[in-house]
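1. output the structure for:
(one chain, ligands or ions: 1)
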Amino acid sequence: MNRKILLPESEIPTHWYNIAADMPNPPLPPLNPQTHEPLGPEALAPLFPKALIEQEVSTERWIEIPEPVREIYTQWRPTPMFRAYGLEKALDTPAKIYYKYEGVSPAGSHKPNTAVPQAWYNAQEGIKRITTETGAGQWGSALSYACSLFGLTCEVYMVKVSYEGKPYRKLLMNTWGADVYPSPSDRTAAGRAILEQDPNSPGSLGIAISEAVEMAAQSDDAHYALGSVLNHVLLHQTIVGLEAKKQLEMAGDYPDVIIAPFGGGSNFAGLTFPFLKDKLDGTSSVRCLAVEPESCPKLTRGVFRYDFGDTAGMTPLLPMYTLGHDFVPAPIHAGGLRYHGAGVLVSQLLKDNLIEAQALHQTECFEAGILFANTEGILPAPEATHGIAQAIREATIAKEAGGEKVILFNMCGHGHFDLSSYEAFLAGNLVDNELPQTEIDASLATLDTPQV
Ligand SMILES: *Cc1c(COP(=O)(O)O)cnc(C)c1O
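-> Below is the predicted model of the structure:
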């Protein structure tokens, strides 16, 4: 029985994998929000360091991980892969279930994989302060940790419903020295405009991004950092899939299906892109499945068109699956999945039918999370339960079909700071929000961004 598959430190990848080098249809360019003309990389210069802008537009297949970043990675990488014997037994399935566990990082999720290089490149270019948004607080804590490593100040706009519901995530950020504000706040024009319309706004990732971008754009020594969606973020996360490939090879297996929860696409891309490379090379027919919440279903019920990454319309226009940048999802507990759009790379791959998407209700996900905690011992983040629930569905299908199947999913974070959502579930207070089509239509009807 080989429950835990471990790589030695010397096997930490030396390069990230850039899928842009291998996509049959490269992603469409970002557009200037005013002129709708394609936007050059220089437009991003007020917000990001040069090195990250280069990665954002790069078509190099392999991008070297700086040695100081690899050194910091050794604190929690390579992360373990587990064969889920306990879960398999409970499901009585012939399927083999593996999961890559990213909850062993200092912040408890995959997010430090990109927070550390982002903070490092900013520090290299003399930046003193980084602003950002956070939903459930996973990204905010990862960036707070990364900034503390390099003496940078971190300013976090935290979606108000999470700020109020997850005080310990906020305190974790404070402990790493960050300043945290509930969003919408009265510190920015974007925040004040929302508060004027709706003083009780629960906030959204789109609104919090507007606030963080506005603050960074105002000062020379400040930059902005995003925890998902952008190409360079997805690139950094490929370290997860590159390790996973080596680990499955050690176990003598190759996945039939890879599953990951989906907020903006970073943990999904991180685990799947190195395997998708095999599919693009024609040597594998692996299915890659992104799982989103039913109450924020951009991949399964959104449209593919240009849209803003934020609510106030300050970012470049990006070609992506979107529910519209004004869409405010119901305040479900998987706060990290409450984003209106999807990363450009993932959107293009879905458009080209190279990946699949599925939407699930939160009670099914929490039930899966509790089964997982009782069979594998680890308490998953509410976001991560989406991957577990879909893995259970796939294992059940395998059982009914009576066939072997190798399932790999991303256990992208632990839920130690999410116990109030488990409290709500255990008390029977968690409901499934049906999202009427009229609500999606209404949000999309107000979109005046260009079609692709
Ligand atoms: C942020 C987060 C997500 C969603 O973001 P992606 O970029 O889609 O990965 C999912 N799970 C956890 C644990 C997160 O912290």
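2. Tyr101 and Pro80 touch, don't they?
-> Yes. At 5.3 Å, Tyr101 and Pro80 qualify as touching, with contact defined as C-beta atoms under 8 Å. From N, CA and C alone the C-beta is placed, and that goes for glycine too.
3. give the buried residues for the least confident helix or strand in the chain by mean pLDDT.
-> When each helix and strand of the chain is scored by mean pLDDT, DSSP states H and E, helix 160-165 comes last, with a mean of 90. Along helix 160-165, these residues count as buried under the neighbour rule (16 or more other C-beta atoms under 10 Å): 160-163, 165.
4. mind putting those in CSV, distance to Glu364 included?
-> Shown next, in CSV, are those (distance: C-beta to C-beta, whole Å):
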residue, distance to Glu364
Lys160, 27
Val161, 22
Ser162, 22
Tyr163, 27
Gly165, 21
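5. tell me which of those residues is nearest to Glu211?
-> Lys160 (11.2 Å; C-beta to C-beta).
6. what's near enough to touch that closest one?
-> Neighbour list for Lys160: 182-184, 201-203 [criterion: C-beta atoms under 8 Å, 6 or more residues apart in numbering].
7. so how far is Gly324 from it?
-> 20 Å (C-beta to C-beta, to the nearest Å).
8. same question, Leu379
-> 34 Å.
9. go on, Gly413?
-> 28 Å.
10. pLDDT below threshold where in this protein?
-> Along the chain, no part satisfies pLDDT under 70.
11. interface residues of it facing the ligand?
-> Contact residues, the chain versus the ligand (C-beta under 6 Å from any ligand atom): 109, 111, 138-139, 228, 261-268, 336-337, 381, 383-384, 412-413.
12. now intersect those residues with the helices, please.
-> Under the assignment DSSP state H, the residues of the chain next to the ligand contribute 138-139, 266-268, 383-384 to helices.
13. what would those residues look like in CSV with distance to Gln75?
-> As requested, those are exported to CSV (distance: C-beta to C-beta, whole Å):
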residue, distance to Gln75
Gln138, 17
Trp139, 18
Ser266, 20
Asn267, 19
Phe268, 24
Glu383, 23
Ala384, 21
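14. ok, which stretches of the stretch 301-450 of the chain are helices?
-> 344-351, 362-376, 382-401, 419-426, 437-445 (DSSP state H, counting those that start in this stretch).
15. can I get the fourth one as PDB, trimmed to CA atoms?
-> What follows is helix 419-426, C-alpha atoms only, in PDB (Å, rounded to 0.1, in the frame of the first residue of the first chain):
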ATOM      1  CA  LEU A 419     -15.200  26.400  10.100                       C
ATOM      2  CA  SER A 420     -18.000  28.900  10.200                       C
ATOM      3  CA  SER A 421     -19.200  27.500   6.900                       C
ATOM      4  CA  TYR A 422     -19.000  23.900   8.300                       C
ATOM      5  CA  GLU A 423     -21.000  25.200  11.300                       C
ATOM      6  CA  ALA A 424     -23.700  26.500   8.900                       C
ATOM      7  CA  PHE A 425     -23.800  23.200   7.000                       C
ATOM      8  CA  LEU A 426     -23.800  21.000  10.200                       C
END
